[in-house]
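Enquirer: with the sequence up front, the predicted model follows.
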Amino acid sequence: MEKVLLMDAKECTGCMQCEMACSYQTENAFNPIKARIKVFEFKEQSLFVPYTCTQCAEAWCMAVCPVDAISVDDKTGAKIVNNDTCVGCKVCTIACPFGTINYNPDSGKVLKCDLCGGDPACVKMCPTTALSFVEAEKAGEVKMRAWAEKTEPDLQTSE
Amino acid sequence: MSWTKKILRVNLTNGTCESEPLNMEWANQYLGQRGLATKYLVEETDPKVDPLSPDNKLIMATGPLTGTIAPTGGRYSVVTKGALTGAIACSNSGGFFGAEVKNAGWDMIIFEGKSDKPVYLNIRNENAELIDAGDLWGKSVWETEDMIREAQGDNDVRIASIGKTGENQLLLACIVNDKDRAAGRSGVGAVMGSKNLKAVCVRGTLGVQVRDGMEFMQATNAAKKILAENAVTGEGLPTYGTQVLMNVINETGALPTHNAGDVQFEGASKIGGEAMHEIRESDGKANLVSNHACFSCPISCARVSQIDPTHFTVQGKPKYLEPSGGLEYESAWSLGAATGVDDLEALTYCNFICNEQGFDPISFGSTVAAAMELYEKGTITNDDTGGIELKFGSTEALVQIIEATANGEGFGLEVGMGSKRLCEKYGDPDLSMTVKGQEFPAYDPRGIQGMGLAYATSNRGACHLRGYTVASEILGIPEKTDPLVTDGKAGLVKAFQDATAAVDSSGTCVFTTFALTLDDIAPEIAAACEGDWTADSLVEVGERIWNMERQYNLDAGFTGKDDLLPKRLLKDAAKTGPAKGLTNGLDKMLPEYYELRGWDANGVPSDETKSRLSL
């Protein structure tokens, strides 16, 4: 059953635990710049917004890779980079519409979210519900339920 | 391993920035941050130095857990000789600046000397340089951050700076990072100003490593689980911030108000955590916008507030309409309860001003309260205040005086020097609610007896963060003690002081100790660092730090006679609440405390104590 990584900015406190957990997976060090998930601060609106690869079904990064270094993880559906094959040409970073695949000058390879093989470290470390890993078909369920509640007159409490 | 083992030494007189190895022998004895930076200060400066002279040093220090995934692992401390107190100063701050310093590869930065013109330090990993700050001088903390970001062309830099109050060397000045987190107390911002150092800008991308990653993740995950399941750290602090305490402490009869003339404030419920959640009639929004986290913190107690756009304080001032750092319990108390002002929006405005121009709301509010009492007695007149009618409870007066202090104008400059100097100047020193020159915070020692001893013996002057026995006496952590009695408090204060000194040296936040014990914290440090770190060894490190700070103060000229509370707390009984009829029983606690500390009757550590602690 395919799962997706859900990001809910309203719940994000900007603690950076996700970035550290992510960088630790690849770098064995806590170093937010190496993280494949990023939290963006919008100070005027007092919002933190986490963002990472959403694993496109038809993945442009994968389609353009000239050496077929990006493949689908059969277990999770994640598009993963094979470091032995990647030549660091960065064409995928141009093709990705979302900017979620990036070049790592230290390794000469590209870095993107691989869903940690099906147990994303960022989700495990998130102290709130800003990050969750849910069944793909139910990804919209929480929002749908909230709107269902808003739309049904009998559920409206009088102010 | 979690130490970078590198110090950046910045000589402002010569304009040099040099790297040197961290003294690992000291790191093993003092851990990091508060302890280790104090050791450097003790070894490198004369305790009798004028705090505002070039011979004083200013140290910004991280701990071994700073910059890691350890819960709250983002703290740094500023250590120097305090401008307000003349005692050892150590002011601790969160936000993101400390972690960035660590990520740039530095355990600490030592500033020495004095620049002949305003400069800021710019750090990019191993590269550090001093840059002319002529255009930044006179700017606020907020403007300074924006201007440096633009000049550096990098939105990801982190900045700590002083505002106008620091430039003016007002003794209440602090150092603010990330626009609303502060190394707040003892006048550390005045020391920075005296060195013509406007700001420190840092970008770090080197990463922070730990000794054993697997062990570290296990230890930190275990700690996070405890924090999440604890009622204070998992629920109370995220929902209400430290403001969860306002109504609790008021009901306890330990909320000093009207310059500690009373211990309960009738307006408390209007300025507390619950009030910040209430929807305003004017704009349909609450004062509280959200809670934010500091680096690596799962608690997220920091408040983000937005001022009522119809409030008189913000008319024609759009910069204060954006969400910014909101009231904490201490600032709501000092700006509000201490002065008798119960206007939540005005207090939020005042808090913004403290952040914007970089000064300590605790000391400021307490000093205004003293000025108000002097004004009501007729000692201070309109001639002194420039026409500001400094009456208790006057929102207008509070707003006028905070703007004057922020802008360095008129009577605001006198308030900016703290309540001790103000009350001495006007011939009524007993009205100053200070210990060792520093204003005491939001807990009245008549209603919480242990805090009296904690204030009297705090090495940086009156302070709640050196030995927070409120945890035990009010909240029952780790076990409930009676706040109205002195029995057992000497031991309680000592235990809190030693444990806190260790936590303050680790890179994590003392708020974790609402839920974590040293038995939970020691495994985090042990997994991160070389060496044998246990709860017992941390207590020993904490006690060593405490005695080192004490000896520094004694060498600076303080004596046991300075372990004293304002007369009001010792002579005038509480008039209402559970503590009605009580004064603080400091004289009953202090001799026992000295004995437990291994100090003589004058409060001097014995040779045996020093030798036991390898001092």
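Expert: Right, received. Where do you want to start?

Enquirer: from the chain's centroid, how far away is stretch B:112-119?
Expert: Its chain's C-alpha centre and that of stretch B:112-119 lie 25 Å apart, by CA atoms, centre = their mean, to the nearest Å.

Enquirer: give me phi/psi at the spatially most central residue of chain A?
Expert: Nearest to the geometric centre of chain A sits residue A:52, at 3.1 Å (CA atoms, centre = their mean). Per-residue torsions, residue A:52: phi -160, psi -180 (degrees, to the nearest 10).

Enquirer: quick one, domains of the chain?
Expert: Unless you meant another one, I'm taking chain A. A:1-52+A:116-159, A:55-112 (automatic domain parsing).

Enquirer: meant chain B, my bad for not saying
Expert: In terms of domains, chain B is parsed into B:6-203, B:257-432, B:444-612 (source: automatic domain parsing).

Enquirer: and of those domains, who's closest to chain A?
Expert: Chain A lies closest to domain B:257-432 among the domains of chain B, at 3.4 Å (CB to the nearest CB). Just so you know, the C-beta spots here come from the backbone N, C-alpha and C atoms, and that holds for glycine as well.

Enquirer: quickly check: that closest one near chain A or not.
Expert: Yes. Domain B:257-432 lies within reach of chain A by CB under 8 Å from any CB of the partner chain, at B:289-298, B:300, B:304, B:306, B:322-323.

Enquirer: still on that earlier bit, now the domains of chain A as TSV including mean pLDDT and distance to chain B?
Expert: Shown next, in TSV, are the domains of chain A (pLDDT from 0 to 100; distance: least, CB to the nearest CB, whole Å):
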stretch	mean pLDDT	distance to chain B
domain A:1-52+A:116-159	92	3
domain A:55-112	96	10
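
Enquirer: how far away is residue B:311 from residue B:271?
Expert: Between residue B:311 and residue B:271 the computed distance is 14 Å (CB to CB, to the nearest Å).

Enquirer: and chain B, which of its residues are near chain A?
Expert: Residues of chain B lying close to chain A (CB under 8 Å from any CB) are B:67-69, B:96, B:103, B:179, B:205-210, B:213, B:217, B:224, B:228, B:289-298, B:300, B:304, B:306, B:322-323.

Enquirer: can you flag the buried ones in these?
Expert: B:67-69, B:96, B:103, B:179, B:205-210, B:213, B:217, B:224, B:228, B:289-298, B:300, B:304, B:306, B:323 (16 or more other CB atoms under 10 Å in any protein chain shown).

Enquirer: where are the low-confidence patches of the stretch 301-450 of chain B?
Expert: Within the stretch 301-450 of chain B, no stretch falls below the threshold (pLDDT under 70).

Enquirer: for chain B, that is, sorry about that
Expert: For chain B, the stretches with pLDDT under 70 are B:1.

Enquirer: the longest helix in it is where?
Expert: Counting by DSSP state H, the longest helix found in chain B is helix B:535-556.

Enquirer: tell me the buried residues in that helix?
Expert: B:535, B:537-554, B:556.

Enquirer: how about it as PDB, C-alpha atoms only?
Expert: Extracted in PDB, the C-alpha atoms of helix B:535-556 (Å, rounded to 0.1, in the frame of the first residue of the first chain):
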ATOM      1  CA  ALA B 535      24.100  12.200  36.600                       C
ATOM      2  CA  ASP B 536      26.600  12.300  39.500                       C
ATOM      3  CA  SER B 537      29.400  13.700  37.400                       C
ATOM      4  CA  LEU B 538      27.000  16.400  36.100                       C
ATOM      5  CA  VAL B 539      26.100  17.400  39.700                       C
ATOM      6  CA  GLU B 540      29.800  17.700  40.500                       C
ATOM      7  CA  VAL B 541      30.400  19.800  37.400                       C
ATOM      8  CA  GLY B 542      27.400  22.000  38.400                       C
ATOM      9  CA  GLU B 543      28.800  22.400  42.000                       C
ATOM     10  CA  ARG B 544      32.200  23.200  40.600                       C
ATOM     11  CA  ILE B 545      30.700  25.900  38.300                       C
ATOM     12  CA  TRP B 546      28.700  27.400  41.200                       C
ATOM     13  CA  ASN B 547      31.800  27.700  43.400                       C
ATOM     14  CA  MET B 548      33.900  29.100  40.600                       C
ATOM     15  CA  GLU B 549      31.300  31.800  40.000                       C
ATOM     16  CA  ARG B 550      31.100  32.500  43.700                       C
ATOM     17  CA  GLN B 551      34.900  32.800  44.000                       C
ATOM     18  CA  TYR B 552      34.800  35.200  41.000                       C
ATOM     19  CA  ASN B 553      32.300  37.400  42.800                       C
ATOM     20  CA  LEU B 554      34.300  37.300  46.100                       C
ATOM     21  CA  ASP B 555      37.400  38.300  44.100                       C
ATOM     22  CA  ALA B 556      35.400  41.100  42.500                       C
END
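
Enquirer: so what secondary structure elements neighbour whichever helix or strand comes after that helix?
Expert: Once helix B:535-556 ends, the next helix or strand along the chain (criterion: DSSP states H and E) is helix B:567-571. Helices and strands touching helix B:567-571, by 3 or more CB pairs under 8 Å, 6 or more residues apart in numbering or on different chains; DSSP states H and E, are helix B:586-597.

Enquirer: still on that earlier bit, what about the residues of chain B next to chain A, which are in strands?
Expert: Among these, the ones falling in strands (DSSP state E) are B:289-292, B:304.

Enquirer: let's have those in TSV, adding distance to residue B:252.
Expert: Formatted as TSV, these follow (distance: CB to CB, whole Å):
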residue	distance to residue B:252
B:289	29
B:290	29
B:291	25
B:292	28
B:304	28
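
Enquirer: quick one: which of those is nearest residue B:476?
Expert: For these, the residue nearest residue B:476 by CB to CB is residue B:291; the value is 24.1 Å.

Enquirer: wait, that closest one sits on residue B:300?
Expert: Yes. With contact defined as CB atoms under 8 Å, residue B:291 counts as touching residue B:300 (4.8 Å).

Enquirer: so what sits against both of the two?
Expert: A:13, B:238 (CB atoms under 8 Å, 6 or more residues apart in numbering or on different chains).

Enquirer: re earlier: what angle separates the longest helix of chain B from helix B:586-597?
Expert: Helix B:535-556 and helix B:586-597 are oriented at 120 degrees to each other (axes from the mean of the first three to the mean of the last three CA atoms, to 10 degrees).

Enquirer: other SSEs contacting helix B:535-556?
Expert: Secondary elements touching helix B:535-556 (3+ CB pairs under 8 Å, 6+ apart): helix B:24-30, helix B:33-44, strand B:88-93, helix B:489-503, helix B:518-528, helix B:607-612.

Enquirer: now the last one: buried residues?
Expert: Neighbour-count burial for helix B:607-612, counted by 16+ other CB under 10 Å, picks out B:609-610.

Enquirer: alpha carbons of it, as PDB, please.
Expert: Written as PDB, here are the backbone C-alpha positions of helix B:607-612 (Å, rounded to 0.1, in the frame of the first residue of the first chain):
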ATOM      1  CA  ASP B 607      39.900  25.200  51.100                       C
ATOM      2  CA  GLU B 608      38.500  21.700  51.600                       C
ATOM      3  CA  THR B 609      35.500  22.500  49.300                       C
ATOM      4  CA  LYS B 610      37.800  24.000  46.700                       C
ATOM      5  CA  SER B 611      40.100  21.000  46.800                       C
ATOM      6  CA  ARG B 612      37.200  18.600  46.600                       C
END
